[in-house]
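**Student:** Sharing a sequence plus its predicted fold:
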Protein chains: 2
Amino acid sequence: MTSDLTPVRPVHLDRSSPVPLYYQVATRLQELIEKGEIGVGARIENEVDLAERLGVSRPTTRRAIQYLVERGMLVRKRGVGTQVVHPKVRRPVELSSLYDDLVAGDRAPRTEVLDLRVIPASDSIAASLSLEAGSSVTWIERLRFAGGEPLALMHNAIPLDVLEVTAADLAAHGLYELLRRAGHVPRIATQVIGARSATAAEARILEEKRGASLLTMTRTAWDTTGRALEYGSHLYRASRYSFELNLSAG
Amino acid sequence: MTSDLTPVRPVHLDRSSPVPLYYQVATRLQELIEKGEIGVGARIENEVDLAERLGVSRPTTRRAIQYLVERGMLVRKRGVGTQVVHPKVRRPVELSSLYDDLVAGDRAPRTEVLDLRVIPASDSIAASLSLEAGSSVTWIERLRFAGGEPLALMHNAIPLDVLEVTAADLAAHGLYELLRRAGHVPRIATQVIGARSATAAEARILEEKRGASLLTMTRTAWDTTGRALEYGSHLYRASRYSFELNLSAG
DNA sequence: GTCAATACTTTGTCATGACAAACTGACTTG
DNA sequence: CAAGTCAGTTTGTCATGACAAAGTATTGAC
């Protein structure tokens, strides 16, 4: 079992760039692996040699490799070396919005804003968002279409000082996109995914039969500083949608 | 706004221990935060001072803090400092088994093995496990109870050389526990979570009404070396179970 | 008194050097 | 010939030192 040791050749690092060196190295390695120039199962150069050839220190090389290890592309074994185990990055779990997913999947999303107003938060919503009971929140109700068919009925509550939106904004953009644009980057979220049967009203809106199975998802998202950005309670047509997750345990 | 700078005092590090220093430091910090001795919002000592007081180098201190940052407890800001944002570790996503979850939740799990035999893998299962079509796999069908009630109907396929199990093993232990015991540690998995209505047979087994909503979950799990360990296709009673996920985007 | 420039604090990046631990493979020895 | 030993390879951990970048607080000028 001779595993071919793949030499990574042409690498130009830009020391004047604001992009950290370790990140430049990691990106370069990632490209080589994604393109298949370093195949699955192949061993990459050892840290010391790689560092020397690239003209960077070993810690920098280590950090670059570590970055790809955490993403599931590489595996390291002491005394053995570093091996490619997967040709693509596996993100731990995408903290993206449904809208982004649909755009990425070419499924022509469309959003209909059913309701948009400012209301005092219910106790449970206030608790989820770490607000005082009765604080004002923006309440949003949207119907999301994909490929011309209704896909999800979405309810959101957003603290007033986090975001100001218009129905037009919501019709044209995903909620997470608007949040990001306002400088609020969601970083941590807790989700609960369940299922239940549609009520008559829900079935009518989603064009399902009464009693059809729906996926439910409630989520609270925070930014890096621990500030709650969004509470969501959504209903998806189980016949048209499912959640895909990539998990990695460390 | 004077944020109290919390000094972390008594720390004994064991330099002769095989446990890395950075991990000892991280664990100690984590304890202090979980116990509430360093409250949410409080700033911790800066890296340089902390390193000096603990008698370790700054990189070691940095690595310990970084570890907790990745787990969502701490937030760092250049020029500002490091702050506690959450009093508990938020695991990215638990790659645990249902059995472990139930045990942890004191819900008295019980397992009934409905089927256990070796069969040639179907094309789709072989593809999921990266096996050649027709390879033999162990096929397992289990009914999982919690609190005396049926909770999930579980189907698994496992490559023959990964695990040998008896019905008695499966009745007494979770599948992931058995895998780990055999030296196969699941590290990466992809899951798809959906929903559908129960068939008559499924409803009968799970003691639900016909047409009741069920949660579906299919999963493939790999170890660190990229070897496929397990394929699972499970059905959960939506009235009794939901998935809880903690996400963090980097 | 207000605003801009400056000094200070704190984390981010990078280099160099050293030793330890785990795995591999070849060699030695019985 | 088989099994244990030992050397070599490669990653893991840790220390020291230095400078850069970002944010905060102070100071000074108008």
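**Tutor:** It's in.
**Student:** which one is A:V118 nearest to, not counting chain neighbours?
**Tutor:** Distances taken as C-beta to C-beta, 6 or more residues apart in numbering or on different chains place A:S136 nearest to A:V118, at 5.3 Å, with adjacent residues excluded. Using the backbone N, CA and C atoms, a C-beta is placed for each residue, glycine as well.
**Student:** Is the one you found bridged to anything, and to what?
**Tutor:** Taking DSSP bridges as the rule, A:S136 bridges to A:P120.
**Student:** give me every residue that touches it.
**Tutor:** Each residue near A:S136 by C-beta atoms under 8 Å, 6 or more residues apart in numbering or on different chains is listed here: A:V118, A:I119, A:P120, A:A121, A:L160.
**Student:** cool, A:I33 as well?
**Tutor:** Contacts of A:I33 by C-beta under 8 Å, 6+ apart are A:L68, A:M73, A:V84, A:P87.
**Student:** Tell me the secondary structure at it.
**Tutor:** helix (DSSP: H, G, I helix; E, B strand; the rest coil).
**Student:** so how far is DNA strand C from it?
**Tutor:** When distances are taken as C-beta to the nearest atom of the strand, to the nearest Å, A:I33 and DNA strand C turn out to be 20 Å apart.
**Student:** Run a quick neighbour tally on the closest residue to DNA strand D within chain A.
**Tutor:** DNA strand D sits closest to A:N46 of chain A, with a gap of 3.0 Å, by C-beta to the nearest atom of the strand. When neighbours are defined as other C-beta atoms under 10 Å in any protein chain shown, A:N46 has 14 of them.
**Student:** and it, what does it touch?
**Tutor:** A:G81, A:T82.
**Student:** and if we set it to 7 Å?
**Tutor:** A:G81 (C-beta atoms under 7 Å, 6 or more residues apart in numbering or on different chains).
**Student:** Please apply the same query to the one 5 residues further on.
**Tutor:** Neighbouring residues of A:A51 by C-beta under 7 Å, 6+ apart: A:S57, A:R58, A:T60, A:T61.
**Student:** how about it, secondary structure?
**Tutor:** Taken by three-state DSSP, the conformation at A:A51 corresponds to helix.
**Student:** circling back to that earlier point, pLDDT value on the residue of chain A closest to DNA strand D, please?
**Tutor:** For A:N46, the pLDDT comes out at 94.
**Student:** Please flag which of the contacts of A:A51 sit within helices.
**Tutor:** A:R58, A:T60, A:T61 (DSSP state H).
**Student:** which of the residues you listed are buried?
**Tutor:** Under a neighbour-count criterion of 16 or more other C-beta atoms under 10 Å in any protein chain shown, the subset of the ones in helices among the contacts of A:A51 counted as buried comprises A:T60, A:T61.
**Student:** Just put the ones in helices among the contacts of A:A51 in a markdown table and tack on pLDDT and distance to B:A127.
**Tutor:** Written out in a markdown table, the entries for the ones in helices among the contacts of A:A51 read as follows (pLDDT from 0 to 100; distance: C-beta to C-beta, whole Å):
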| residue | pLDDT | distance to B:A127 |
| --- | --- | --- |
| A:R58 | 96 | 40 |
| A:T60 | 97 | 39 |
| A:T61 | 97 | 36 |
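**Student:** mean confidence for stretch A:74-89?
**Tutor:** According to the model, stretch A:74-89 has a mean pLDDT of 88.
**Student:** How about the residues of chain A by DNA strand C?
**Tutor:** Proximity of chain A to DNA strand C is confined to A:20-23, A:55-60, A:63, A:77-80 under the rule C-beta under 7 Å from any atom of the strand.
**Student:** List the neighbouring strands of the helix or strand where A:P150 lies plus their orientation.
**Tutor:** Using DSSP states H and E, the element containing A:P150 is strand A:149-159. Taking DSSP bridges as the criterion, strand A:149-159 sits next to strand A:136-146 (antiparallel), strand A:228-237 (antiparallel) in its sheet.
**Student:** Could you pull out the buried residues of the longest one?
**Tutor:** Spelled out, it's strand A:136-146. A:V137, A:T138, A:W139, A:I140, A:R142, A:L143, A:R144, A:F145, A:A146.
**Student:** So which one of the contacts of A:S136 is the model least confident about?
**Tutor:** Minimum pLDDT for these is recorded at A:L160 (91).
**Student:** Can you name the residues that contact that residue?
**Tutor:** Neighbours of A:L160 in contact, by C-beta under 7 Å, 6+ apart: A:V118, A:S136, A:V137, A:T138.
**Student:** Distance of the last one relative to A:G232?
**Tutor:** So that's A:T138. Taking C-beta to C-beta, to the nearest Å as the measure, A:T138 falls 12 Å from A:G232.
**Student:** In TSV: the buried residues of strand A:136-146, plus pLDDT.
**Tutor:** Shown next, in TSV, are the buried residues of strand A:136-146 (pLDDT from 0 to 100):
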residue	pLDDT
A:V137	96
A:T138	97
A:W139	97
A:I140	97
A:R142	96
A:L143	96
A:R144	92
A:F145	91
A:A146	88
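**Student:** The helix or strand where A:Q30 lies vs DNA strand D: in contact?
**Tutor:** Element membership of A:Q30, judged by DSSP H and E, is helix A:21-34. No. Helix A:21-34 does not reach DNA strand D (C-beta under 7 Å from any atom of the strand); its nearest approach is 12.1 Å.
**Student:** roughly how far out does that helix sit from the chain middle?
**Tutor:** Averaged C-alpha coordinates place helix A:21-34 at 21 Å from its chain's average position (C-alpha atoms, centre = their mean, to the nearest Å).
**Student:** buried sites along that helix?
**Tutor:** For helix A:21-34, a neighbour-count test (16+ other C-beta under 10 Å) marks A:L21, A:Y22, A:Q24, A:V25, A:A26, A:R28, A:L29, A:Q30, A:L32, A:I33 as buried.
**Student:** Columns pLDDT on top of the residues you listed, output as CSV?
**Tutor:** Formatted as CSV, the buried residues of helix A:21-34 follow (pLDDT from 0 to 100):
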residue, pLDDT
A:L21, 96
A:Y22, 96
A:Q24, 96
A:V25, 96
A:A26, 95
A:R28, 94
A:L29, 94
A:Q30, 94
A:L32, 93
A:I33, 93
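**Student:** of those residues, closest to A:R210?
**Tutor:** When these are compared for distance to A:R210, the smallest value, 48.9 Å, is given by A:Q30; criterion: C-beta to C-beta.
**Student:** Not counting sequence-adjacent ones, nearest residue to the closest one?
**Tutor:** With sequence-adjacent residues excluded and distances taken as C-beta to C-beta, 6+ apart, A:Q30 is closest to A:L68, at 6.2 Å.
**Student:** tilt between whichever strand or helix holds the one you found and helix B:58-70?
**Tutor:** For A:L68, the element it lies in under DSSP H and E is helix A:58-70. On the basis of axes from the mean of the first three to the mean of the last three C-alpha atoms, to 10 degrees, helix A:58-70 is oriented at 20 degrees to helix B:58-70.
**Student:** Tell me the first helix or strand C-terminal of the helix holding A:Q30.
**Tutor:** Using DSSP H and E, the helix or strand that follows helix A:21-34 in sequence is strand A:43-44.
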